[in-house]
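Trainee: A predicted structure for the sequence below; I have some questions about it.
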Amino acid sequence: MQRRFVRWCVFCLIAFLSSMVCGVAEVGAREAQIVVDFVYSDARDFSEGLAAVRSGDLWGYIDRAGRVAVPFEHRGPEVGDFSGGFAFAGGSFIDLRGEVAFEGRSFDQATPFSEGVAAVQSYGQWGYIDLTGKYVIPPAYESAGNFSEGMAPVKRNGLWGFIDARGRMLIGPRFLRADAFSEGLAPVEFEGKVGYVDRSGRFVVQPRYDEGGAFHNGRASVRGPERWRDWGYIDVRGREVIPRRFNGAGAFSDGLAPVATDARWGYIDVNGKIAIDATYDNARPFSEGLAAVERDNRWGYIRRR
């Protein structure tokens, strides 16, 4: 009887400890909730309630519940995000119902609308159209990017500079690469290295990185220069606030950024702490509360728990 009682006590103790361990594991788990299953061959960010996804060779758009909002009928390696009620897909802009906009005007390439205009390429030259499809800045550039904070990067004679909404060159072409302004700074490549300039074209962060992304939540991802895959984050003063220890890094959004540790992707917060465990083959930034992630060559969408 005594031995049976002892065995029963030991069993109860083991069960109690097991339940405690499982409870701690569940509380400490840094997993995300899957809201759209992994069924697509490619996926993009949500914008204006819709996200572009690819099934086979065709692109369509789904809503935040995973329902098809625009049928899978657009070909091409890329389709654009919705902005201003329009998205570039299959050579033309479409509206939120999937119908062709601007009387069927076609372009070779285009960026999403930003600050009321979109960069478009026609016959090898880039210009900008408004939300009616009319040119507001005639095609005159070798390449062009989005407007942000009243300026846009454009390429002329092999070099990049910045124009205003009237097409006036505010920062003359002198960079090998340039991206849009964010939080007062723009990443540019000068003499083979990436730094950040302010609206006057003055370097605030000297060009010393191999790659650099846009600022969001006060952080910008940078790589190098010491090693080939050496990503971290700096603040707007150029101070390293998250050490360069990742194999890949994306932009912050909703307080989280996708990062790669070894061959897997997860998410960190603005302090560099792991917020979602690295369990994905690829990952994109959060947008409108959801993020596109890849597993086993299929894409779906997650939401932070």
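Mentor: It's in.
Trainee: What number of residues are in the vicinity of the residue nearest to residue 105 when sequence neighbours are not counted?
Mentor: Spatial nearest neighbour of residue 105, chain neighbours left out: residue 133 (5.5 Å); criterion: Cβ to Cβ, 6 or more residues apart in numbering. Every residue, glycine included, has its C-beta placed from N, CA and C. Counted with other Cβ atoms under 10 Å, residues neighbouring residue 133 total 17.
Trainee: In its sheet, which strands sit next to the host helix or strand of residue 233, and in what direction?
Mentor: Using DSSP states H and E, residue 233 maps to strand 231-234. When pairs are called by DSSP bridges, strand 231-234 turns out to pair with strand 220-223 (antiparallel), strand 240-246 (antiparallel).
Trainee: out of the ones you listed, nearest to residue 144?
Mentor: Closest to residue 144 of the strands paired with strand 231-234 is strand 220-223 (Cβ to Cβ; 21.8 Å).
Trainee: hmm, who's touching that closest one?
Mentor: If you take Cβ atoms under 8 Å, 6 or more residues apart in numbering as the criterion, strand 220-223 is touched by 185, 187, 194, 196, 209-214, 229-236, 244, 249-251, 257.
Trainee: Just the buried ones from the residues you listed?
Mentor: Buried members of the contacts of strand 220-223, counted by 16 or more other Cβ atoms under 10 Å: 185, 187, 194, 196, 209-214, 230-236, 244, 249-251, 257.
Trainee: which stretches of the protein have low pLDDT?
Mentor: Applying pLDDT under 70 to the chain flags the ranges 1-29, 226-229.
Trainee: Please, where are all the helices along it?
Mentor: Applying DSSP state H to the chain gives helices spanning 2-28.
Trainee: on that earlier part again, using CSV, write down the CA coordinates of the strand holding residue 233.
Mentor: Backbone C-alpha positions of strand 231-234 (Å, rounded to 0.1, in the frame of the first residue of the first chain) are rendered in CSV as follows:
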residue,chain,number,x,y,z
TRP,A,231,23.0,43.1,-41.8
GLY,A,232,22.0,45.3,-38.9
TYR,A,233,20.1,48.6,-38.3
ILE,A,234,21.1,52.2,-37.8
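Trainee: Give me the distance between that strand and the centre of its chain.
Mentor: 16 Å (Cα atoms, centre = their mean, to the nearest Å).
Trainee: for stretch 266-275, same thing?
Mentor: With Cα atoms, centre = their mean, you get 16 Å for stretch 266-275.
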